[in-house]
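Enquirer: Dropping the sequence and predicted coords here.
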Amino acid sequence: MSTRKPPRRPRGSGPEPRRSAKAATSRPAASRGAGGAARRRRKRTKGELHAIGVTRFRIFFVLILVVAAWPMSKLGAVVIGDRDMAAEAAKDRIRYRPIKAPRGAIVDRNHSDMAISLARVDLAVDMSALGELADENPQAYEKFGSLTADAIGQPEQWVLDEMHAADMDDPYVPLAKKLDLDAADELREELLKEGLLPALNFESSSERAHPSGESGLRVLGTISDDGPGPNAGVER
């Protein structure tokens, strides 16, 4: 038998022979170099790097200020709110009353005292403070009334009636005027022992006296707690 070789395929006729994957995907070195150069990042100059660093620092510094300012603003709001609350509380517990200056002495031509001012004390109960003390000591009202009545020379029931007739939050309920200093000091010590001193207000006062007797009253005149009257005379 004779063997025959297959005829050769003429050049340019039919599909080209299949190339390998490596050969199909590979590109000339020249083309690869051009694409890489296009994609390569341009190096920054020192001036550009410095500007970028300064910008980043400024942004970081601003963020730090914002973070620090937030709690400070909250603290400022709390402080301002506390001041307003303290001012409102002060209005409730502080009472302002004008205190007149004491009157001077009146003497005759021999420098003998005809009219002088003697130091005295006015007493007033603070019902709100007494109520707080009564919460801890149920006998506070009775004990306070007993001690105060002995000092001012009034019946205990009168003192209790004065307190019961007042508002429970009234900070100033007058009980006595022109009390002697010794009696006021003794009452202060007794209330301090019983823990009731915060419930009583002691206010400085004065009383007009005439050491030379009543003979000069027609010239001197009299004076009341409200000041000189129509018949005050020299006291005017």
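Expert: Done, it's in. Note that the structure is predicted; figures quoted are calculated from it, not measured.
Enquirer: pLDDT averaged over stretch 126-145, what's the number?
Expert: Stretch 126-145 shows a mean pLDDT of 92.
Enquirer: whoops, stretch 47-64 was the one
Expert: 80.
Enquirer: Pull that stretch out as CSV, backbone CA atoms only.
Expert: Extracted in CSV, the C-alpha atoms of stretch 47-64 (Å, rounded to 0.1, in the frame of the first residue of the first chain):
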residue,chain,number,x,y,z
GLY,A,47,6.6,73.4,48.4
GLU,A,48,3.5,71.4,47.5
LEU,A,49,4.3,68.8,50.3
HIS,A,50,4.7,71.7,52.8
ALA,A,51,1.4,73.3,51.8
ILE,A,52,-0.4,69.9,52.2
GLY,A,53,1.1,69.5,55.6
VAL,A,54,0.1,73.0,56.7
THR,A,55,-3.5,72.4,55.5
ARG,A,56,-3.8,69.1,57.3
PHE,A,57,-2.5,70.7,60.5
ARG,A,58,-5.0,73.5,60.3
ILE,A,59,-7.9,71.1,59.8
PHE,A,60,-6.7,69.0,62.8
PHE,A,61,-6.3,72.1,65.0
VAL,A,62,-9.9,73.3,64.1
LEU,A,63,-11.3,69.9,65.0
ILE,A,64,-9.5,70.0,68.4
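Enquirer: Please identify the buried residues of it?
Expert: Of the residues in stretch 47-64, none count as buried by neighbour count, 16 or more other C-beta atoms under 10 Å. For every residue, glycine as well, the C-beta is placed using N, CA and C.
Enquirer: Start the count at 461 instead of 1 going forward.
Expert: Shifting the count to begin at 461 puts that one at stretch 507-524.
Enquirer: how about the closest residue in space to residue 585 that isn't next to it in sequence, what does it touch?
Expert: Leaving aside its sequence neighbours, residue 585 sits nearest to residue 633 (C-beta to C-beta, 6 or more residues apart in numbering; 4.8 Å). Residues in contact with residue 633 (C-beta atoms under 8 Å, 6 or more residues apart in numbering) are 584-587, 622-623, 626.
Enquirer: Sitting in helices, which of those do you find?
Expert: 587, 622-623 (DSSP state H).
Enquirer: With distance to residue 668 added, can I get those in a markdown table?
Expert: Shown next, in a markdown table, are these (distance: C-beta to C-beta, whole Å):
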| residue | distance to residue 668 |
| --- | --- |
| 587 | 31 |
| 622 | 26 |
| 623 | 30 |
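Enquirer: wait, which of those is closest to residue 567?
Expert: residue 622 (39.7 Å; C-beta to C-beta).
Enquirer: May I ask you to confirm that the closest one is in contact with residue 636?
Expert: No. Contact criterion C-beta atoms under 8 Å: residue 622 and residue 636 do not qualify, at 10.2 Å.
Enquirer: okay, the two: which has more neighbours?
Expert: residue 636 (21 against 16; other C-beta atoms under 10 Å).
Enquirer: Three-state assignment for the more buried one, please.
Expert: strand (DSSP: H, G, I helix; E, B strand; the rest coil).
Enquirer: per-residue confidence at it?
Expert: The model reports residue 636 with a pLDDT of 94.
Enquirer: residues touching it, list them.
Expert: Contacts for residue 636 were tallied using C-beta under 8 Å, 6+ apart; they are 582-583, 608, 611-612, 614.
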